[in-house]
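# after the sequence you'll find the predicted model.
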Amino acid sequence: MQKSTKFNIFLIPFLALSLTAFAACQPLTDGSSSGEALETPLVHNIDAYHRFDQSVISPVNNQIQQNTSGQLNRSIPNMNDSNISYCESVNGEVGKYNGIRDTKKYPLASVSKMFLTAWALDGLGPDYKFENLWYFKKVSDGVYDVYFKANYDPALNIEKMLYAMAVLRAQGVQKIRELAIDETTRVYLSVLNDPHVELGEVPVSMDQSVENLRIIFNSSNWSDQTETAKNNLREFAQQKGRLITVPDSFAVDQVVYTDSKKVIINNYTSVIKMKSSVLLKYLKDINVNSNNYMTDMLFKILGGQREFKKFQEQRLGLTSNDLEFYTGSGLPVISMGLRTDNLGSCISVLKTLKFIKILSQQLSFDMGHVLLTAGIDHGTYEPTIPMSLNHNMVLKTGRLYDLPALNVAGTTSLSN
């Protein structure tokens, strides 16, 4: 029986929900692998047609063939409710599009994370990894000075810091006299444990990063949360068949901020290079758990509003009539008491879903690698989704509690 890919989008005030579904969407592979105001993109492509790794960026035709007659091909539920916007397309084909109030813009809430996902995949590629660099030099027996350059890794959590301690200890580091960090190192230790947090500043400040490192690198401050992180690290090591021995104690005398331009690398005698998980895993966590901090930090790393506007126009083919985008997470911007939300039309979400689908085909990954798979992953989606769609749907959900908005966006495979 033939299958056809169908993109569905609903935009309804009172909730924010994005659905994406299609046949065999479960990930096929594991995908794992061994400052103030970030105005400069982490990756700046001199050649607009190549990614950071010099792979060619292929043209993407994400256009949806809307009906020239403007007439619906079939009856749509609640089609007479003026508060509801709906649009759908079968493979983007002529004569297989339906839409009601599909150009009206609504607050996107966490559906915004789907746009950020498209941007990150297109700009960095699914296999991009952040490189953490730990430079160190011996001061006396067991005592070292260390310089930590994180290269804007947005997920510097407790587990990652404990892993760094384990590696440093294996190199003979018993204690750190001075731990220096630069503007690329922003440490928010609860980044994965508290995904829905709404911080006033993203990324966290240098002062906060310094304080967080001072706390975690002194074992006298360790608590139940640290023990949980240790257990998580042990489980990870067992799954990967690796041995990671976290020290029972560790200490740092002082943590300081130093501008990277003033750091003399040659003063350090050794360096440890640690690669992060692939970008696919970051995006998966963002979309499954609706992680606000990581999304907004990635948004700034990639260049913020100015660079996203270029992506929106040049790659998605969307104007400000279709999409107004200010934050990667979908959290509002509050300035002088005025609130500004990301706004998008039904058709803008539809085109972005199709864009991600085409990227997945070009770059050999599944949409289930970056979005929640119903019935398998457990994240922030509504229990009212039909059980029949479990294992055959990937989705993204979100909610604006203080501003009525419900958005549902998706792609699914159905029998003709």
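Nice, thanks for sending it over.

# give me the helices and strands touching the helix or strand residue 307 falls within, please.
In the assignment (DSSP states H and E), residue 307 maps to helix 304-314. Other helices and strands packing on helix 304-314, by 3 or more Cβ pairs under 8 Å, 6 or more residues apart in numbering; DSSP states H and E, are helix 112-124. C-beta coordinates here come from the backbone N, C-alpha and C atoms, glycine included.

# give me the mean pLDDT for the helix it packs on.
Helix 112-124 shows a mean pLDDT of 95.

# what angle do it and helix 304-314 make?
80 degrees (axes from the mean of the first three to the mean of the last three Cα atoms, to 10 degrees).

# numbering from 543 from now on, please.
Got it, the first residue is 543 from now on, which makes the last one we talked about helix 654-666.

# show residues contacting the next helix-or-strand element following helix 654-666.
Next helix or strand after helix 654-666 toward the C-terminus (DSSP H and E): strand 673-682. With Cβ atoms under 8 Å, 6 or more residues apart in numbering as the test, strand 673-682 has contacts from 686-693, 695, 698, 702, 706, 709-710, 713-715, 719, 807, 809-818.

# which of these fall in helices?
Secondary structure from DSSP state H places 702, 706, 709-710 of those in helices.

# turn those residues into a markdown table, including distance to residue 736.
What follows is the ones in helices among the contacts of strand 673-682, written out as a markdown table (distance: Cβ to Cβ, whole Å):
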| residue | distance to residue 736 |
| --- | --- |
| 702 | 16 |
| 706 | 21 |
| 709 | 26 |
| 710 | 27 |
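
# now these: which count as buried?
702, 706, 710 (16 or more other Cβ atoms under 10 Å).

# picking that back up, could you dump the ones in helices among the contacts of strand 673-682 into a markdown table with pLDDT and distance to residue 853 added?
Shown next, in a markdown table, are those (pLDDT from 0 to 100; distance: Cβ to Cβ, whole Å):
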| residue | pLDDT | distance to residue 853 |
| --- | --- | --- |
| 702 | 94 | 29 |
| 706 | 96 | 33 |
| 709 | 94 | 36 |
| 710 | 97 | 38 |
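
# and of those, the nearest to residue 896?
residue 702 (34.9 Å; Cβ to Cβ).

# partners of the host helix or strand of residue 640 in the sheet?
Per DSSP H and E: residue 640 is located in strand 639-642. Using DSSP bridges, the strands paired with strand 639-642 are strand 627-632 (antiparallel).

# gap between the partner strand and the chain center?
With Cα atoms, centre = their mean, to the nearest Å as the basis, strand 627-632 stands 26 Å off its chain's centre.

# pull the CA atoms of it into PDB?
Taking Å, rounded to 0.1, in the frame of the first residue of the first chain, the C-alpha atoms of strand 627-632 are listed here in PDB:
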ATOM      1  CA  SER A 627      -5.800  28.700  11.600                       C
ATOM      2  CA  TYR A 628      -5.200  25.400   9.700                       C
ATOM      3  CA  CYS A 629      -3.100  24.300   6.800                       C
ATOM      4  CA  GLU A 630      -2.000  21.000   5.300                       C
ATOM      5  CA  SER A 631      -0.200  19.800   2.200                       C
ATOM      6  CA  VAL A 632       0.500  16.400   0.700                       C
END
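
# next up, the contacts around the closest residue to residue 641 other than its chain neighbours.
Closest residue to residue 641 apart from its sequence neighbours, by Cβ to Cβ, 6 or more residues apart in numbering: residue 629 at 3.7 Å. When contacts are counted by Cβ under 8 Å, 6+ apart, residue 629 touches 551, 606, 639-642, 644, 888-889, 892.
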